[in-house]
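Asker: Give me a model of this one.
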Amino acid sequence: MIQVLLIEANVEQADRMQDAFKSIDAPNNLTAVPDCEDALDLLRMNAQFSEALRPDVVVLDLNILSTGRTEVLEELKSHEALRAIPVVVLTRPERTADMKKAYDLDATHFVTMPDQPDGYQQVAKIVTDVVNYARLNNRPTTL
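Answerer: Here you go, the predicted structure:
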């Protein structure tokens, strides 16, 4: 079972990701949060997330409108217990400054945001592959 944390403000896109994981038969528990503040609360297991499972992978949409889009990456990479969690970044090609910062912060993989609903299946496969690769290489994705 893969624990996925999706940081996505667009409910329709979050639903498409959930459907994509179901369509590829990837056993997962996808938790979608709309902003970086909720994501950081979940990662720190604060407040309403105190019972949450730590994610195996974070899928971060850099197109979210909240400030601190890369703050989640900064937190993950600066916190010893969270550093091993892979981060798949969803972005648009024109977001080069955010992409560079995310790359500098050791994002695991970049994926262009799908334009069509069926493109989400490919994203789900990539996310699954990232977690499987980490597990095969004995990199714990959860502690």
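
Asker: Confidence-wise, which helix or strand of this structure is lowest on average?
Answerer: helix 96-104 (a mean of 78; mean pLDDT, DSSP states H and E).

Asker: Buried by neighbour count: which residues of it qualify?
Answerer: 98, 99, 101, 102 (16 or more other CB atoms under 10 Å). C-beta: built from backbone N, CA, C; applies to glycine.

Asker: what does stretch 19-32 give?
Answerer: Buried residues in stretch 19-32 (16+ other CB under 10 Å): 20, 21, 26, 28, 30, 31, 32.

Asker: Mind checking which residue lies nearest the centre of the protein?
Answerer: Centroid-nearest residue in the chain, with CA atoms, centre = their mean: residue 59, separated by 1.4 Å.

Asker: Next, that residue: secondary structure please.
Answerer: strand (DSSP: H, G, I helix; E, B strand; the rest coil).

Asker: what kind of secondary structure is residue 30 in?
Answerer: Once three-state DSSP is applied, residue 30 turns out strand.
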